[in-house]
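**Student:** Provide a 3D model corresponding to the input given below.
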Amino acid sequence: MAYHELCYLVMYKIAEKPVRNYLFSLFIFFDMQCPRCQSIKNSVVDSRVTDHSRAIRRRRECDECEYRFTTFERLRTADLIVVKKDKTREAYDRDKLERGVWKACEKRPISQPIVDEMISELEEAWVRSKEVQSIQIGEEVMEKLKDIDLVAYIRFASVYNQFADIESFHQAIIGLGQEAREQREKTVKVN
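**Tutor:** This is a model prediction of the structure:
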């Protein structure tokens, strides 16, 4: 019996949940499951640092079906707690934030690395404290999106600020126009 098969048996078939959690913490390396055939027998074909040294990208190949897939290792932000507007708390979920950002960026000329870098920069700031307010997350994401793409910013802001009518939407666009004019005036004065 191979090492990873033994690990699989112990982790998923034999051990009770508390024991399994303890054993998981002891194993530093555990094979990833193939998304196609669910086999845990795979090899790392390529490994490189990415996202400005904040993540490790591993290209893997399944030993069973030869399917290639990519995994990422990132700084663990699971200890970060989000305090919502109604004062309830929940664990931070990067995927949830990324889905929201991608909805705003849909059909815009924004690449995956730009979104990954934006979220990673924000997470670095948030992870310094144990809790972060959902309001802070929304505001900081909007500020970053404003620098990346104004259409994505307006889309995200319309959901985040819960625009109730056309007037709210119109006011946000007017505010952006005023900011752009002020920015141009500052640039002209400096030159």
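**Student:** And the nearest residue to Cys105 once chain neighbours are set aside, which helix or strand is it part of?
**Tutor:** Once flanking residues are discounted, Cys105 sits nearest to Ala152: 4.6 Å by C-beta to C-beta, 6 or more residues apart in numbering. C-betas here are computed from N, CA, C, even on glycine. Using DSSP states H and E, Ala152 falls within helix 150-160.
**Student:** can you pull the buried residues of the next helix or strand after that helix?
**Tutor:** For helix 150-160, the following helix or strand on the C-terminal side (DSSP H and E) is helix 166-190. For helix 166-190, burial by neighbour count (16 or more other C-beta atoms under 10 Å) applies to Ala172.
**Student:** now helix 166-190: mean pLDDT?
**Tutor:** Taken as a whole, helix 166-190 has a mean pLDDT of 77.
**Student:** Begin at 117, not 1, for the rest of this chat.
**Tutor:** Sure thing, new numbering starts at 117, so read that last one as helix 282-306.
**Student:** mind listing the strands for the protein?
**Tutor:** 158-166, 171-178, 184-190, 197-199, 205-207, 247-249 (DSSP state E).
**Student:** Could you list the paired strands of the fourth one along with their orientation?
**Tutor:** Translated: strand 197-199. Within its sheet, strand 197-199 is paired with strand 205-207 (antiparallel), strand 247-249 (parallel), according to DSSP bridges.
**Student:** Equivalent analysis for the longest one, please.
**Tutor:** Sheet partners assigned to strand 158-166 using DSSP bridges are listed as strand 171-178 (antiparallel).
**Student:** Show me what counts as buried in the partner strand.
**Tutor:** So, applying 16+ other C-beta under 10 Å, buried residues of strand 171-178: Ala171, Arg174, Arg176, Cys178.
**Student:** Confidence-wise, which of the residues you listed comes last?
**Tutor:** Lowest pLDDT among the buried residues of strand 171-178: Ala171, 80.
**Student:** who's in contact with that residue?
**Tutor:** Val165, Phe188, Glu189, Arg190, Leu191, Asp232, Ser236 (C-beta atoms under 8 Å, 6 or more residues apart in numbering).
**Student:** Quick one: distance of stretch 188-201 to the chain centre.
**Tutor:** Remark: stretch 188-201 is offset 9 Å from the chain centroid, using C-alpha atoms, centre = their mean, to the nearest Å.
**Student:** Also stretch 287-300?
**Tutor:** 29 Å.
**Student:** ok, now stretch 169-182?
**Tutor:** Relative to the chain's own centre, stretch 169-182 is displaced by 19 Å; criterion: C-alpha atoms, centre = their mean.
**Student:** and the end-to-end length of it?
**Tutor:** 29 Å (C-alpha to C-alpha, to the nearest Å).
**Student:** Can you give me the domain assignment for this structure?
**Tutor:** What automatic domain parsing lists as the domains of the chain is 119-190, 197-295.
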